[in-house]
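Enquirer: A predicted structure for the sequence below; I have some questions about it.
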Amino acid sequence: MYMTDQFVISWSVFLYSYFGIWWKGDVLFMRRKVTNLVAFIILLIALIGCSNEVPKEFDLKDLTRVDVQIQANGNSEDDLIIAEKDKINDLRKAFGEINWEPNVKAEMSRKEDVIATLFFTFDKNMPERLCEYFIWFNQGGGTATFIDKEKNTFGTLDKENTKTVKDILLNT
């Protein structure tokens, strides 16, 4: 027996034992099977590697920017962009303290005070995801009410965090 015959026999036993491929006595048959197997493995790796999905839930650590529209008399009075890291960190902490009530369709008696658009960056190679909060600052209690219409959620914020959010969004 030649060295190449031993190599072919050992590979055919290996392929049969692991993949169910048996040597048919034809080198082209064997090459075709191995080529198909390699192509399948490469395709599988490519699919697994490219399936980096963006999460459905927003994570506040990925918050990079907030666009603010201050509403006055039914019109958008001022539009401003908040991108300073210290202000974004303060907003992350405050937004993390919102008590959300899921599946609530809330309607308010007056128009919102602020519309805040939150920009989340999950990957530098992908576009930002947006989340829009409609915010009412309650004069009597010093609290704030949030509505996220995309998720049909209603949220409230305590006095301390409301002061932080109000100072950043209205006094920037």
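Expert: Done, it's in.
Enquirer: And Thr117, how far from Asp90?
Expert: 17 Å (Cβ to Cβ, to the nearest Å). (C-beta placed from N, C-alpha, C; glycine too.)
Enquirer: low-scoring pLDDT stretches of the protein, where are they?
Expert: For the chain, the stretches with pLDDT under 70 are 1-30, 49-58, 73-77, 172.
Enquirer: Helices along the chain, start to end?
Expert: In the chain, the helices defined using DSSP state H lie at 3-19, 27-49, 85-96, 159-170.
Enquirer: For the last one, buried residues please.
Expert: Along helix 159-170, these residues count as buried under the neighbour rule (16 or more other Cβ atoms under 10 Å): Asn161, Thr162, Lys163, Thr164, Val165, Lys166, Ile168, Leu169.
Enquirer: now swap in the third one and tell me
Expert: The neighbour-count check on helix 85-96 (16+ other Cβ under 10 Å) flags Lys87, Ile88, Asp90, Leu91, Arg92, Ala94, Phe95 as buried.
Enquirer: any idea of the angle it forms with helix 159-170?
Expert: Counting by axes from the mean of the first three to the mean of the last three Cα atoms, to 10 degrees, helix 85-96 lies at 130 degrees to helix 159-170.
Enquirer: about what we covered before: farthest-apart pair in the buried residues of helix 159-170, please.
Expert: Asn161 and Leu169 (12.1 Å; Cβ to Cβ).
Enquirer: quick one: contacts of stretch 164-172?
Expert: For stretch 164-172, contacts defined as Cβ atoms under 8 Å, 6 or more residues apart in numbering pick out 66, 68, 70, 80, 82, 87, 90-91, 93-95, 113-114, 116, 135, 137, 144, 157.
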